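**Student:** Predicted model, plus sequence, below.
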Protein chains: 2
Amino acid sequence: MTDKEKIISMLKEFASPTKMASFFVNNATSDFLFIRPSGNPINAEGFEKMISSDVIQEKAEITKIHRLESLSDNVMMCVFTLGSKFTYKGMPNNDLPTVTSVFKKVDNIWKIYWMQRSTGNSDLSLWD
Amino acid sequence: MTDKEKIISMLKEFASPTKMASFFVNNATSDFLFIRPSGNPINAEGFEKMISSDVIQEKAEITKIHRLESLSDNVMMCVFTLGSKFTYKGMPNNDLPTVTSVFKKVDNIWKIYWMQRSTGNSDLSLWD
């Protein structure tokens, strides 16, 4: 697998209803943070707790990759639209956020280092 | 000036009420995009038009830098909280978004390549 294929495969794992909660615990650097639409940061353990307790994930997918770029031999950046259908504290959501993510290769293993996602109502046609 | 000092100085220029509108037109790579809280992308010219027509900027500042990191010799990443007081289409805002930004050195000049900002109500104490 090339580095790009590896990143795409990791993102597909992230966008899996059964694997999303624990994805960062299993695949992130120790200083990883996820930035929520509010701008509030949450670490891998906090993300797992939030998804496990408040979210029932119905469907998730990498809807479209806008940028997938090597920033150095050991750093990749990926910007994508995430399609995600879930209930959050009982409220149904059908989200289409834009996500910026940065990956680092640590001891030859790709780890996710940073992820920021927007609110859920982006207009996918604006990327055309 | 070190590379880090240069990036901070650029961000201070961005966070200037009189310079924000044209900042990306003057300092961004040709493929730069700004990701709005909605997840919608806007390019440097679109950002300038939006700020010039819809926003009256009262005050802006780099409230806190959370990460400022060299990802390679020619790539820097900065995550910060932006403090910004403005009216948008007549609506007053007092924003505290989290911003992820990526800079690239092109022909020895630092340019901004990517910026994603959250909605405006982040809790700064969560970074402590």
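**Tutor:** Alright, I've got the coordinates.

**Student:** Quick one: classify residue A:21 as helix, strand or coil.
**Tutor:** Here residue A:21 is recorded as helix under DSSP: H, G, I helix; E, B strand; the rest coil.

**Student:** and what of the one 4 residues further on?
**Tutor:** Using three-state DSSP, the three-state assignment for residue A:25 comes out as helix.

**Student:** and it, what does it touch?
**Tutor:** Contact analysis of residue A:25 by C-beta atoms under 8 Å, 6 or more residues apart in numbering or on different chains lists A:44-45, A:47-48. (C-beta placed from N, C-alpha, C; glycine too.)

**Student:** who does the longest strand seen in chain A touch, helix- and strand-wise?
**Tutor:** The longest strand of chain A (DSSP state E) is strand A:55-72. Where contact means 3 or more C-beta pairs under 8 Å, 6 or more residues apart in numbering or on different chains; DSSP states H and E, strand A:55-72 is packed against helix A:3-14, helix A:20-27, strand A:75-88, strand B:55-72.

**Student:** what comes up buried for the last one?
**Tutor:** For strand B:55-72, the neighbour count (16 or more other C-beta atoms under 10 Å in any protein chain shown) marks B:55, B:57, B:60, B:62, B:66, B:68-69, B:71 as buried.

**Student:** returning to what we had before: pull up the pairing partners for the longest strand of chain A, direction included.
**Tutor:** strand A:75-88 (antiparallel) (DSSP bridges).

**Student:** mind saving the C-alpha coords of the partner strand as CSV?
**Tutor:** Presented in CSV, the C-alpha positions along strand A:75-88 are these (Å, rounded to 0.1, in the frame of the first residue of the first chain):
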residue,chain,number,x,y,z
VAL,A,75,3.3,14.0,7.3
MET,A,76,0.1,13.8,5.3
MET,A,77,-2.8,16.1,5.2
CYS,A,78,-6.3,15.1,4.1
VAL,A,79,-9.4,17.3,3.7
PHE,A,80,-12.6,15.5,3.1
THR,A,81,-16.4,15.6,3.4
LEU,A,82,-17.7,13.1,5.9
GLY,A,83,-21.3,11.8,5.5
SER,A,84,-22.7,10.7,8.8
LYS,A,85,-26.1,9.7,10.0
PHE,A,86,-26.5,9.4,13.8
THR,A,87,-28.5,10.4,16.8
TYR,A,88,-26.7,12.6,19.4
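
**Student:** mean confidence score for it?
**Tutor:** Averaging pLDDT along strand A:75-88 gives 96.

**Student:** ok, residues contacting the next helix-or-strand element following that strand?
**Tutor:** Remark: after strand A:75-88, the chain's next helix or strand is strand A:91-95, criterion DSSP states H and E. The contact list for strand A:91-95 (C-beta under 8 Å, 6+ apart) reads A:82-87, A:120-121.
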